[in-house]
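Colleague: Would you be able to build a 3D model of this:
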Amino acid sequence: MAAPAERRCWEREQARLKAGVVEQDTEEWQKDPNFAGLERVGGVDLSYIKGDDTSACASLVVLSYPALQVLYEDSRMVAITAPYVAGFLAFREVPFLVEAVQRLQQEEPKLSPQVLLVDGNGLLHHRGFGVACHLGVLTDLPCIGVAKNLLQVDGLARDELHREQIRSLQRSGDTFPLTGTSGRVLGMVLRSYNNSSKPLYISVGHRVSLGTAVRLVRSCCRYRVPEPIRQADIRSREYIRKQLCAPLELRPARPESSKKEAELEDEADA
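Modeller: Numbering: from 1, shown residues only. Sure, this is the predicted structure:
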């Protein structure tokens, strides 16, 4: 549990960084109906060792677009020291993801992603600044939040009306907006895969519009979860399995680093 002073510090940091969020398209490829010019899409994920919420594998993958073939993979064990506090997931996980992006930019700059799909929320957040916004501002990359569960903020609720709206999503590509009591559209609910009635919750992270975010996520889905995140999840879990057969070497967390608000389920349910 974070101390009150630490929480206040995190809130101030979120507010400071939130000022840098750009909620519009900034890239030429985003304006093209077929995303002409987009060649590399990244996905990030952290997987935890079962029963140990301090040992995790941070994974970054880059896929070709539109073929969705893996071009680059970086998976490393990390030691999580910051406590889990709802609404402050980024302070627990983002430092490791930023480091992974920076390693790629330094070592293989030609494979750097043009956009990142993030396992978590963006503007759909208690203070409008989720992990996808946080990572986007710190890396200055276009980022999209992709969650499998609804974060109940601004009057949004998993009630019967919400369930009825989900049932109305009949085919892949069907959507409906998430409008809070404030009147603001915080994200979009997307049926991403015909064979799964469970939707995704898409929100803007940074340097992308909501419409573009939804179109791109849909185009990256072979199954329910978009392929960049699915591959990052698969590879981080596999890396953990291999590490459990050998002594773990965990990289210490930075002091400022912050359990997932909504863990991505295994793709088997797709």
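Colleague: So which residue is smack in the middle of this protein?
Modeller: By Cα atoms, centre = their mean, the mean C-alpha position of the chain lies nearest to residue 118, the distance being 1.8 Å.
Colleague: what secondary structure does that one sit in?
Modeller: Three-state call for residue 118 (DSSP: H, G, I helix; E, B strand; the rest coil): strand.
Colleague: How about it: what's its closest non-neighbour residue?
Modeller: residue 132 (4.0 Å; Cβ to Cβ, 6 or more residues apart in numbering). The C-beta positions use only the backbone N, C-alpha and C, and glycine is treated the same way.
Colleague: Past the helix or strand hosting the one you found, which element shows up next along the chain?
Modeller: Element membership for residue 132 (DSSP states H and E) is helix 131-139. Per DSSP H and E, the first helix or strand lying C-terminal to helix 131-139 is strand 143-147.
Colleague: quick one: strands adjacent to that next one?
Modeller: Neighbouring strands of strand 143-147 in its sheet, by DSSP bridges, are strand 115-119 (parallel), strand 200-206 (antiparallel).
Colleague: Name the SS class of residue 61, please.
Modeller: Following three-state DSSP, residue 61 is assigned to strand.
Colleague: so who does it touch?
Modeller: Going by Cβ atoms under 8 Å, 6 or more residues apart in numbering, residue 61 touches 42, 43, 44, 70, 72, 73, 74, 228, 231, 232, 235.
Colleague: and what of residue 75?
Modeller: Listed by Cβ under 8 Å, 6+ apart, the contact set of residue 75 reads 57, 58, 59, 60, 235, 236, 239.
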